[in-house]
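> How does the following fold in three dimensions:
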Amino acid sequence: MKTPMLSLLIMMSIFSCKETPNTKLEETSSTSITNNNINPLEGAWELVGYYNYKDNKVIDSFNTSKGYRQVKMYTHNKVMWSKYVPSDTTEWFGYGEYTVNDSELIEILEYGSEMMSKIIQEKKEFRHELIIEGDSFSQIEIDDEGNRIYAENYKRLD
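Model (predicted):
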């Protein structure tokens, strides 16, 4: 993993850490976009918490901190996200295209905030395991050996 991405993950963990466990999403179901053009991600979503994994099992979960906001918006093939951290003046946002293949979310970012642009220069494509259940979804970071590392968990806003 590249250094800027690792720094981003560490910063997210520090600013979002909370001991209250998050309501766990069902980890066994997944949804894919089929030929009938149903896109379960289309809409607005807000980050509600995280999972940390060890041996592909959730070992820790925590909610976002008070005042922290991260929202993602998906159209039929575009994604845009922004993050607000009250204790940090750094701006975070990104824009690009995405696809869903079976249980995989692939986001290819075109541009972003100053900090995100530095990450995009090294890595434009972000692949995640995708689990969708009703009005919730998890995007799970996978390491080079196929093991789950952490998940961002979202709830539907619109």
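
> Give the rounded mean pLDDT of the host helix or strand of residue 130.
Using DSSP states H and E, the element containing residue 130 is strand 125-133. Here strand 125-133 scores 96 as its mean pLDDT.

> Adjacent strands (with direction) for that strand?
The strands beside strand 125-133 in its sheet (DSSP bridges) come out as strand 104-112 (antiparallel), strand 136-142 (antiparallel).

> Which strand residues bridge residue 111?
residue 95.

> Show the pLDDT at it.
The per-residue pLDDT reported for residue 111 equals 97.

> close enough to count as contact, it and residue 117?
Yes. Look at residue 111 against residue 117 with Cβ atoms under 8 Å: they come within range, at 6.4 Å. All C-beta atoms are positioned from the backbone trio N, CA, C, and that covers glycine.

> one step back: out of the strands paired with strand 125-133, which is closest to residue 58?
strand 136-142 (10.1 Å; Cβ to Cβ).

> Need the mean per-residue confidence for the closest one.
Mean predicted confidence for strand 136-142 is 97.

> Can you point out the buried residues in the helix or strand following it?
Downstream of strand 136-142, the first helix or strand assigned by DSSP H and E is strand 148-156. For strand 148-156, burial by neighbour count (16 or more other Cβ atoms under 10 Å) applies to 148, 150-154.

> which helices and strands does strand 148-156 pack with?
Judged by 3 or more Cβ pairs under 8 Å, 6 or more residues apart in numbering; DSSP states H and E, the packing partners of strand 148-156 are strand 43-54, strand 136-142.

> What pairs with that strand, parallel or antiparallel?
Applying DSSP bridges, strand 148-156 is found paired with strand 43-54 (antiparallel), strand 136-142 (antiparallel).

> how close does the closest residue to residue 158 other than its chain neighbours sit to residue 72?
What sits nearest to residue 158 in space, not counting adjacent residues and going by Cβ to Cβ, 6 or more residues apart in numbering, is residue 44, at 4.3 Å. Look at residue 44 and residue 72: by Cβ to Cβ, to the nearest Å, they are 7 Å apart.

> Please say which of these two ends up with more neighbours.
Set residue 44 next to residue 72 and count neighbours by other Cβ atoms under 10 Å: residue 72 wins out with 23 against 13.
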